[in-house]
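Trainee: I would like the atomic coordinates for the input below:
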Amino acid sequence: MRSATLSPLSLRRFSTLTLSKSTSPTIPITPEVLLQSIASSQWQFIKHLTGQLNPTLISATLPNLCSSPLQVLTFIGNLSPSCLDISCYCLAISILSRLPSPKQATNLIKKVVNSRVASHNEIFHGLVSAREKLEIKSSIVLDLLVRAYCELKKGEEALKSFYLMKQKGIVPKVETCNDLLSLFLKLNRTHLAWIVYAEMFRMKINSTVCTFNIMINVLCREGKLKKAKEFIEHMQCLGVKPNLISYNTVIHGYCLRGDMEGANKIFEDMATKGIGPDSYTFNSLIRGMVKVGRENEVSSLLEKMKTFGLIPTAVTYNTLIDSCCNRGDLEKAFFYRDEMVKIGIVPSVATYNLLIHALFLDGRMAETDDLLNDMSEKRVLPDGITYNILINGYCRAGNAKKAFTFYDEMLCRGLQPTIITYTSLIKVLGKRNRMKEADDLVVEILRKGIFPDLIMFNALIDGHCANDNVERAFDILSEMNKMNVQPDEVTYNTLMQGYCKKGKVEEACMLLEEMNGRGIKPDHISYNTLISGYSRRGDMDEAFRVRDDMLSAGFNPTLLTYNALIQGLCKKQEGLLAEELLKEMVSNGITPDDSTYLALIEAIGNVDGFLERKDTS
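Mentor: Residues are numbered from 1 along each chain as shown. Below you'll find the model as predicted:
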């Protein structure tokens, strides 16, 4: 019988998932056995042992792999999560932190954070323990924890880790502080950026030019442009030389607020310091000029770029094209597109998105095909924004077929529609009496983990009510309540219209009471819906009662109010009362439309008779 203890050579024989039944007795699994298996890359053998491994054994093995951090990553990847606890992960992270690139360690931290196997405190203290066990002197492990939280945009956890490091007497690297400052700038939580900046000063962490640039950006975000300018001078006093980014940040801040004089002053200061501008500098200035309506000065800026050896970029022209599209000047927008092509600049996907969107807004949908063909010829791939514009545009135009063609193409390319796009698709399906497909689309959306918002629910309810399926519309209202999506006046107005369409005006009135009970204020559409419902049924006493309630609620009658009442009176052959209401309507400054006159003509019986009365009135 073979000995129970196998040599490293014997271990290499195990290359399948199962051990031979003749092998006996069971191999005692020790850190040494695991180390031998790792050293010889016996990953199938390690996978087979998963059921016999535990966190204690893994924690005892990992410290012996400090000199082979890449093997740690493979080892961890071949283990079942049940074999690992937070101490195992923290040891692995600490070993990986010794690699030249921080990517592997940071990714493992993010994996642990997202898996929620431990709380924030447990992760932090686990890394502290692993750091001590492995005798790591630097702050790198905890610096990477802060970086991971920053990359995950978890500001609170990142700040807590920063303060816990301070409590432990561990000074973070300046790059870690910069990560925190940058995160709070992105999250627009500038007050927290100032708190961290003050802590850096207390901890005697010297700011770099990157630190100063972030804080200049913070000041610009807060609208403190004068202080941002002074901050550049403050940098110089501290021996840190401002760079192009420092000046560009302040110039951009002034341009955003339309202060072109301030922006030009910084531009001049830049030149005196011997710092040359780049394309970003000029793009900011051009954007600022366009913002304040000084587009006629753009050509001189483009010429000035050339004196610095710079050429306009796609971003430069996109700024100009965007401005033209916003003004509805598509001819000038396409002029700039042609000009950029002439000088050898390939339009970007953003260029095409601006033009396609503008064409849809101008009702020139047929021309979008030419742009898509042009994109294809220039090998510019449509992105998610392109498809969303196309789908939304064709949905608004009522072209469901073309909208769904682009939707299918978008999914095939692995691009994700937005919730606005899904809502547009639901609306167009409702217009086409295809609510079964709309409901199926919602199921598909839910499977993707996208939860409908109020606007999408309202679109669904509107579609079902428009297609005489009020019962299904109320089922959707129940789903909204279950998902804690609060209805609004649009939701209830749509349901009321659905009831009134079926002649169930009393039920619609009960919905008005329910609105009030839920703290949702009815609007003029709510009252007009009920007035129209009663008027169509010929119940004019109730219609005028609702009109009085409407006035009491502070809403003045609209054209729809008067038309509904006049049409109801005319149906009951109350032509004289209808004419009196017409006079009231005109005296209130509301101009009658065709619907008003047609109802009155029908009540009086002939056009000539109506015109005579109209002239005398």
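
Trainee: CA only for contacts and neighbour counts going forward, please
Mentor: Fine.

Trainee: centroid-nearest residue for this protein?
Mentor: With distances taken as Cα atoms, centre = their mean, residue 418 lies nearest the centre of the chain, 8.6 Å away.

Trainee: from what I can see it touches residue 388, true?
Mentor: Yes: applying Cα atoms under 8 Å as the test, residue 418 and residue 388 come out as touching, 7.2 Å apart.

Trainee: which residues touch the residue nearest to the centre of the chain?
Mentor: residue 388 (Cα atoms under 8 Å, 6 or more residues apart in numbering).

Trainee: phi and psi next, for it.
Mentor: Dihedral angles of residue 418 (phi, psi; degrees, to the nearest 10) stand at phi -90, psi 170.

Trainee: nearest spatial neighbour of residue 290, skipping sequence neighbours?
Mentor: residue 323 (6.8 Å; Cα to Cα, 6 or more residues apart in numbering).

Trainee: since we're on the one you found, how many residues are nearby?
Mentor: 21 (other Cα atoms under 10 Å).

Trainee: cool, residue 167 as well?
Mentor: Residue 167 has 10 nearby residues by other Cα under 10 Å.

Trainee: from residue 140, how far off is it?
Mentor: Noted for residue 167: a distance of 16 Å to residue 140, by Cα to Cα, to the nearest Å.

Trainee: need the distance between the two termini of stretch 235-246.
Mentor: Start-to-end, stretch 235-246 (Cα to Cα) is 10 Å.

Trainee: what's the average pLDDT for that stretch?
Mentor: The pLDDT scores in stretch 235-246 average 90.

Trainee: check stretch 462-479 too.
Mentor: Across stretch 462-479, the average pLDDT comes to 92.

Trainee: ends of that stretch, how far apart?
Mentor: 15 Å.

Trainee: swap in stretch 80-99?
Mentor: Termini of stretch 80-99 sit 24 Å apart (Cα to Cα).

Trainee: which parts of it are buried?
Mentor: 83-98 (16 or more other Cα atoms under 10 Å).

Trainee: try stretch 205-218
Mentor: Judged by neighbour count (16+ other Cα under 10 Å), stretch 205-218 contains these buried residues: 207, 209-218.

Trainee: of these, closest to residue 525?
Mentor: Of all the buried residues of stretch 205-218, residue 218 has the smallest distance to residue 525: 44.9 Å, by Cα to Cα.

Trainee: quick one: contacts for the closest one?
Mentor: Neighbouring residues of residue 218 by Cα under 8 Å, 6+ apart: 185, 190, 193.

Trainee: adding secondary structure, write the residues you listed out as CSV.
Mentor: Below are the contacts of residue 218 laid out as CSV (DSSP: H, G, I helix; E, B strand; the rest coil):
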residue, secondary structure
185, helix
190, helix
193, helix
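
Trainee: export the residues you listed to a markdown table and tack on neighbour count, pLDDT and distance to residue 426?
Mentor: Shown next, in a markdown table, are the contacts of residue 218 (neighbours: other Cα atoms under 10 Å; pLDDT from 0 to 100; distance: Cα to Cα, whole Å):
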| residue | neighbour count | pLDDT | distance to residue 426 |
| --- | --- | --- | --- |
| 185 | 20 | 95 | 37 |
| 190 | 21 | 94 | 40 |
| 193 | 22 | 95 | 43 |
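
Trainee: and the helices in the stretch 101-250 of the chain?
Mentor: Under the criterion DSSP state H, counting those that start in this stretch, the stretch 101-250 of the chain contains helices at 103-115, 120-133, 140-151, 155-167, 174-186, 190-202, 209-221, 225-237, 244-256.

Trainee: least reliable of those going by mean pLDDT?
Mentor: Per-stretch mean pLDDT for those is lowest at helix 225-237 (a mean of 89).

Trainee: who are the packing partners of it?
Mentor: For helix 225-237, the elements it packs on are helix 209-221, helix 244-256, judged by 3 or more Cα pairs under 8 Å, 6 or more residues apart in numbering; DSSP states H and E.

Trainee: got the angle between that helix and helix 209-221?
Mentor: Angle of helix 225-237 versus helix 209-221, following axes from the mean of the first three to the mean of the last three Cα atoms, to 10 degrees, is 160 degrees.

Trainee: just the buried residues of helix 225-237, please?
Mentor: By neighbour count on 16+ other Cα under 10 Å, the buried set for helix 225-237 is 225, 228-229, 231-232, 234-235.

Trainee: what's the weakest-modelled helix or strand in this structure?
Mentor: Taking mean pLDDT, DSSP states H and E as the measure, the chain has helix 8-11 as its least confident helix or strand, at a mean of 36.

Trainee: name the helix or strand for the residue nearest to residue 290, please.
Mentor: helix 314-327 (DSSP states H and E).

Trainee: and the angle from the helix or strand just after that helix to helix 314-327?
Mentor: Later in the chain than helix 314-327, the nearest helix or strand by DSSP H and E is helix 330-342. With the same axes, to 10 degrees defining the directions, helix 330-342 sits at 170 degrees from helix 314-327.

Trainee: residues making contact with helix 330-342?
Mentor: Applying Cα under 8 Å, 6+ apart, the external contacts of helix 330-342 come out as 314, 317, 320-322, 324-325, 346-347, 351, 355, 358-359.

Trainee: at 7 Å instead, please
Mentor: 317, 321, 324-325 (Cα atoms under 7 Å, 6 or more residues apart in numbering).

Trainee: how about stretch 265-282?
Mentor: Residues from elsewhere that reach stretch 265-282 (Cα under 7 Å, 6+ apart): 244, 247-248, 251, 310, 312.

Trainee: cool, and stretch 377-390?
Mentor: Everything outside stretch 377-390 that qualifies as a contact, by Cα under 7 Å, 6+ apart, is 348-349, 353, 357, 375, 406, 410, 415-417, 421.

Trainee: so which bits of it are buried?
Mentor: Neighbour-count burial for stretch 377-390 [16+ other Cα under 10 Å]: 380, 382, 384-390.

Trainee: just the ones of those residues in helices?
Mentor: Under the assignment DSSP state H, the buried residues of stretch 377-390 contribute 384-390 to helices.

Trainee: reformat these as a markdown table; add distance to residue 334 and pLDDT.
Mentor: Formatted as a markdown table, those follow (distance: Cα to Cα, whole Å; pLDDT from 0 to 100):
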| residue | distance to residue 334 | pLDDT |
| --- | --- | --- |
| 384 | 23 | 92 |
| 385 | 20 | 93 |
| 386 | 18 | 94 |
| 387 | 21 | 94 |
| 388 | 22 | 93 |
| 389 | 18 | 93 |
| 390 | 19 | 94 |
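
Trainee: and which of the residues you listed is nearest to residue 263?
Mentor: Using Cα to Cα, those come closest to residue 263 at residue 385, 31.8 Å.

Trainee: coming back round to it: residue 457: which of the helices and strands packed on helix 225-237 is closest?
Mentor: With Cα to Cα, the closest approach to residue 457 among those belongs to helix 209-221: 35.9 Å.

Trainee: roughly how far apart are the residue nearest to residue 290 and residue 279?
Mentor: Distance from residue 323 to residue 279, counting by Cα to Cα: 19 Å.

Trainee: cool, residue 203 as well?
Mentor: Shown here: residue 203 relative to residue 279, a distance of 38 Å by Cα to Cα.

Trainee: and what of residue 162?
Mentor: 37 Å.

Trainee: residue 312 now?
Mentor: Taken as Cα to Cα, the span from residue 312 to residue 279 is 7 Å.

Trainee: what do you get for residue 74?
Mentor: To residue 279, residue 74 is 45 Å away according to Cα to Cα.

Trainee: quick one, which of the two is more surrounded?
Mentor: Legend: neighbour count by other Cα under 10 Å for residue 74 and residue 279, higher for residue 279 (16 against 13).
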